[in-house]
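Participant: Just the structure for this:
(2 chains)
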Amino acid sequence: MKDPYAYFALFSTPSVLALRLALVFRHRLYLVVLSTIMTACASAPGGPLVVEDQSHSKHPQPVKSEPAKVMVDKSPPSEPAVVVELAPNTVAQDVTHPLPVEQEPAYLTEPAQAPLPKSKTPVATPARTLPVASQKVVEQLLTEADAAKAKGHPDIAIMKLQQAQRISPTEAKVYARLAALYLAQGQADRAEQMARKGLTLVAYQPAYGYYFWRLIAATRRYQGDAQGEAKALEEARQFQ
Amino acid sequence: MAKQAGKFSWPWRFTWQLLIVLAVCTLAMLVYLDAQVRDRFEGHRWSLPAKVYARPLELYIGKQLAQGQLNYELQQLGYRAVKKVRQAGQYRLQNNQLQVYSRGFHFADGSQKGELYHIQLQANRVLSIAGEQGQTLHLARLEPQLIGGIYPSHNEDRELVQLADLPNGFIETLLAVEDRGYYQHLGVLPTGIARAMYANVKAGRVVQGGSTLTQQLVKNFYLSDQQTLWRKLQEAPMALLLNNHYSKDEILEVYLNEVFLGQQGKRAIHGFGLGSWYYFGQPLKELQLHQTALLVGLIKGPSYYNPKRFPQRAKQRRDLVLKVLAEQGLISQAQRQIYQDKPLQLSQVAQYSRYPAYMDLVRQQLQKAYKSNDLNSQGLRVFTTIDPWAQQQADLAMQDSMANLTQRFGELPKLQAALVLSQRDNSEVLAVVGDKDAGYAGHNWALDASRQVGSLLKPVIHLTALSSGRFHLLSPLDDSPLSVPQADGSQWQPGNYDGKSHGVVPMYEALVKSYNIANVRLGMSLGVEKVLDQLSKLGANQQWQAYPSRLLGALEMSPLKVNQVYQSIASNGFYSPLSIVRDVTQANGELLVHYPYQVRQAADPEASYILQQEMALVGRHGTGRGAYRYVPEHQEVAGKTGTTNNQRDSWFSGFSGRHVATVWMGNDDASPTPLTGASGALQVWARLLANLPYQKDQQSPPVGVEYFRTNPLSGAIVDANCSGLVLPFGDLRPPAQSRCDN
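Facilitator: Residues are numbered from 1 along each chain as shown, chains lettered A, B, ... in the order given. So this is what the prediction gives:
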């Protein structure tokens, strides 16, 4: 399977529906893949951060708190796809709305205001305060990017994503979209590098850690690097 | 036959023949002129220079925006402050309430209509944005400022307009002054020609042209501007032909874009569209009648009536135009009085050639992808990353620092300086200063200077060390005297700036205090080649022979390249080429190319992150401390000073919030200066960063990096309740101790 997004769709989808669509609507695979990627992005909710107060522990502890474990899609790559014939009108409806309604974006529930351990000093405080309002504009730009991509204007989509990245440069989701878009364009190397950049931002968003490694696995598969792919999948597992 | 021939004597025959020949020639000429008229009129009418735009001002909720910046941006865009905002190009800013009516613009990502925005500001931030109907908006975008063009050799520049772009009363004013019977005549006015001929015969030379607008257009559009008889002979038939082929409105539109209205250096200002920008800093459509009157008045003699040089003369001419309008009943006497009382209202914004150093970079990038003929004739639109406000602050920081140095050290005639400012998150270049005189277009020191970098190399040594997995920030380094045998048998003995050696020091201190000996030892233990290789990957993109002295920065780089290297450090070890141009579109707005944001991992992200925190200590406690004379205490200053042998070069490169900046100072002949990195370059850097909007670095530490409280003296991690320096560590950590003190 040399098609990068087909591969990616097969392995990353959290939704069986997308797979069904892929099989039933092969000629509209593009939309389906978009939907899949969107779902993967959207289904990475950030649970409330568990912050342990470690100031009383006897042994020296990291000042940083443990990142929360977040529910992610854990379906193994080898899971067989169930092909079910869909009633025509159901499919039509789904294809007209290829973008699943996004769940609460991960960062809205991120630990922006989470209490920090007492032992922290200003030098050590990792800043995680995304201005609440710029989240909305980022969401808007992501939606516009998706629309542009769906209309067959990947360049415009990239512009919108870059605009979002300028406004909110630490938002992993933006890098996820950029990487997915590059991969969809067959620019595997560029996609991997973007995913690697995204990986530096996932300390509190392990769901994205998983996502980025899966995406890297897909880029390597696309380039015929089976060993690299296996390694990336191994890395992804650590985020599960 | 002979009789027949005799009927017409030879003079007659000759006359006939001559007449026939003449008729054929005239016909041929008419056919030729006709072809010429149609060819040029219907073909590619003008060579249009590429237009270069700044980044647009994007407003979104939460965006940092001081009123000073807002005022500056609106002024640069030619927005007029009014009491009630009614049309595009107007704004009202009062009590943190901004109403601004944007102009429509064709961006690279699509067309955007002009829109009235209600923007609420609070504490230098955008609090809310609402549209005309009060609907909440998340994003508002003003059109970008035009910052320059790329010209062909003849330097003609114009901004094309259509009849629909004209302000009220424009055509009436133009025709009242230049050609009252325009819509009636056939392209020429025989009475006008007769009057002109009489005047010319009387004067014995050509002194007057009885030109209609059509003839003026023919003269400028098709013919050379020499006043010869031959040209005069062509002019009238061509005007007739033009009039015959095309509608009056079509001809008028071409006239509006062809007319010559002034000269700015080598750049010729053609057409009312550009004329309006050049003189008033506004689009033509927004002009009021007194401004229109001035532009129309200029046709008669753009240099003689040049309002920038001869405002009095220009005002007289404008008032004369207003008088003509009143006499013809187009305006009332009362209106005439009102307009006459208005000042010329010329734009104070110097258009073009304001950012010579930045434009050098734009040209450099474009020339890689485009032929110069395409750049200066196709009307391409180039969207760059320059931030006019940041550029202004950079110019001022340079200017102030230079004035200050002159005060301290007296005249420093050979001293030169350069500055590069980029966006930490995406490598976009926001500002460039290429000379100590910021607006001077000569040698571009930011791009072309190749100077030793000195201690700027030390962070690269530390990055290599941290990436090796063998060192952490508290690793003990030996700063005792060192002697390195050279290939030629001699000994190289690096010394510290203070002339002392400091025994065993924790690694971070060797950077913070810029100890040479400890860093050379560290670099040699890693391998000079490894360090240079890391430097190259970070964006220096160059190979050097590995000598130990390289570790003290005995290698040359331009300020731009240094900024590239520090940019990679500031973005967690990801190299992203400094970018100047975002997009290029065709004249019609169609996207030609988008330069996408791209990254390449060039260093270990965890090591880079730890290095960033180490460099922040340089600002807090080390050689960069002086930055806090200007920069507020809460702001992070992470960087490194650099001073080369005998103080030939003074450097500071570093990052703060979302900006990365590099400043270099040195004499143009590389002779010693009185400056260190801290007393020279750092001053400019700090002045600049203090005046830019600051947004705290929002990144969380990469996975695998954790902060611990430490005791630097014992080199151990201590309990979180102890006092002591908090430092980040990767997998390799110092041992823990249970007591707080030694």
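Participant: Name the nearest residue to B:Ala81, ignoring sequence neighbours.
Facilitator: B:Tyr91 (6.1 Å; Cβ to Cβ, 6 or more residues apart in numbering or on different chains). Using the backbone N, CA and C atoms, a C-beta is placed for each residue, glycine as well.
Participant: Show me which residues of the helix or strand hosting the one you found are buried.
Facilitator: Using DSSP states H and E, B:Tyr91 maps to strand B:90-94. For strand B:90-94, a neighbour-count test (16 or more other Cβ atoms under 10 Å in any protein chain shown) marks B:90-93 as buried.
Participant: Next SSE downstream of that strand?
Facilitator: For strand B:90-94, the following helix or strand on the C-terminal side (DSSP H and E) is strand B:97-101.
Participant: Which positions in that following strand come out as buried?
Facilitator: For strand B:97-101, burial by neighbour count (16+ other Cβ under 10 Å) applies to B:98-101.
Participant: Name the spans of chain A whose pLDDT lies under the cut-off.
Facilitator: Residue ranges of chain A with pLDDT under 70: A:1-133.
Participant: distance of B:Gln699 from B:Lys414?
Facilitator: 42 Å (Cβ to Cβ, to the nearest Å).
Participant: what number of residues lie near B:Lys308?
Facilitator: Burial of B:Lys308 is recorded as 13 neighbouring residues (other Cβ atoms under 10 Å in any protein chain shown).
Participant: And the one 10 residues further on, by the same measure?
Facilitator: The number of residues packed near B:Arg318 is 25, by other Cβ under 10 Å.
Participant: List the residues that contact it.
Facilitator: B:290, B:293-294, B:297, B:344 (Cβ atoms under 8 Å, 6 or more residues apart in numbering or on different chains).
Participant: let's see it at 10 Å
Facilitator: B:Arg318 makes contacts with B:290-298, B:305, B:307, B:339-340, B:342, B:344, as judged by Cβ atoms under 10 Å, 6 or more residues apart in numbering or on different chains.
Participant: Quick check: the gap between it and B:Ile386.
Facilitator: The gap separating B:Arg318 from B:Ile386 is 35 Å, by Cβ to Cβ.
Participant: Endpoint to endpoint, stretch B:327-346 covers what distance?
Facilitator: Terminal residues of stretch B:327-346 lie 26 Å apart, using Cα to Cα, to the nearest Å.
Participant: would you turn the buried residues of strand B:90-94 into CSV with pLDDT?
Facilitator: Compiled in CSV, the buried residues of strand B:90-94 are given as follows (pLDDT from 0 to 100):
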residue, pLDDT
B:Gln90, 96
B:Tyr91, 96
B:Arg92, 96
B:Leu93, 94
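Participant: Can you say which two of those are spatially most distant?
Facilitator: Spatial extent of those (Cβ to Cβ) is set by the pair B:Gln90 and B:Leu93 at 11.1 Å.
Participant: joint contacts of those two?
Facilitator: Contact criterion Cβ under 10 Å, 6+ apart; residues shared by B:Gln90 and B:Leu93: B:74, B:79, B:81, B:99-100.
Participant: so which of those residues comes closest to chain A?
Facilitator: Lowest distance from chain A to these (Cβ to the nearest Cβ) belongs to B:Val100, with 17.8 Å.
Participant: Return the residues in contact with the residue lying closest to the closest one once chain neighbours are set aside.
Facilitator: Excluding the flanking residues, the one nearest B:Val100 by Cβ to Cβ, 6+ apart is B:Tyr91, at 4.1 Å. With contact set as Cβ under 10 Å, 6+ apart, B:Tyr91 has these partners: B:70-71, B:74-75, B:77, B:79-82, B:85, B:98-102, B:116-117, B:119, B:142.
Participant: Over to B:Gln393?
Facilitator: B:Gln393 touches B:68-69, B:72, B:387, B:421, B:430-431, B:687-693, counting by Cβ under 10 Å, 6+ apart.
Participant: quick one: which of those is nearest B:Val631?
Facilitator: The shortest approach to B:Val631 among these belongs to B:Ala690, at 4.7 Å (Cβ to Cβ).
Participant: Would the helix or strand harbouring that closest one count as contacting chain A?
Facilitator: Using DSSP H and E, B:Ala690 sits within helix B:681-691. No. If you take Cβ under 10 Å from any Cβ of the partner chain as the test, helix B:681-691 misses chain A, and the best it gets is 17.7 Å.
Participant: Give the other helices and strands that that helix contacts.
Facilitator: Packing contacts for helix B:681-691, counted by 3 or more Cβ pairs under 10 Å, 6 or more residues apart in numbering or on different chains; DSSP states H and E, involve helix B:388-409, strand B:415-423, strand B:429-433, strand B:638-643, strand B:649-656, strand B:659-667.
Participant: okay if I get these as TSV plus mean pLDDT?
Facilitator: Below are those laid out as TSV (pLDDT from 0 to 100):
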stretch	mean pLDDT
helix B:388-409	95
strand B:415-423	97
strand B:429-433	97
strand B:638-643	96
strand B:649-656	97
strand B:659-667	97
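Participant: would CSV of these with distance to B:Pro481 be doable?
Facilitator: Shown next, in CSV, are the helices and strands packed on helix B:681-691 (distance: least, Cβ to Cβ, whole Å):
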stretch, distance to B:Pro481
helix B:388-409, 33
strand B:415-423, 34
strand B:429-433, 40
strand B:638-643, 21
strand B:649-656, 25
strand B:659-667, 29
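Participant: How is chain B divided into domains?
Facilitator: Under automatic domain parsing, the residue ranges defining each domain of chain B are B:59-145, B:150-340, B:394-472+B:516-581+B:598-691, B:705-742.
Participant: Minimum distance to A:Tyr175: which of those domains has it?
Facilitator: A:Tyr175 lies closest to domain B:394-472+B:516-581+B:598-691 among these, at 9.1 Å (Cβ to Cβ).
Participant: quick one, longest helix in the chain?
Facilitator: Going with chain A. In chain A, with assignment by DSSP state H, the single longest helix is helix A:132-150.
Participant: look at chain B instead
Facilitator: For chain B, the helix reaching the highest residue count under DSSP H is reported as helix B:10-42.
Participant: The residue nearest to B:Val100 and chain A: what is the separation?
Facilitator: Between B:Tyr91 and chain A the computed distance is 22 Å (Cβ to the nearest Cβ, to the nearest Å).
Participant: same thing with B:Ala638?
Facilitator: According to Cβ to the nearest Cβ, B:Ala638 and chain A sit 12 Å apart.
Participant: thinking that residue is in contact with B:Gln612, fair?
Facilitator: Yes. Applying Cβ atoms under 10 Å as the test, B:Ala638 and B:Gln612 come out as touching, 5.6 Å apart.
Participant: any common contacting residues for the two?
Facilitator: By Cβ under 10 Å, 6+ apart, the residues touching both B:Ala638 and B:Gln612 are B:459, B:569-570, B:654-655, B:697.
Participant: which pair in those spans the largest distance?
Facilitator: Top of the distance list for those (Cβ to Cβ): B:Pro459 and B:Asp697, 16.5 Å.
Participant: Compare those two (neighbour count), which wins?
Facilitator: Neighbours were counted for B:Pro459 and for B:Asp697 using other Cβ under 10 Å; B:Pro459 has more, 27 against 20.
Participant: SS state for that one?
Facilitator: helix (DSSP: H, G, I helix; E, B strand; the rest coil).
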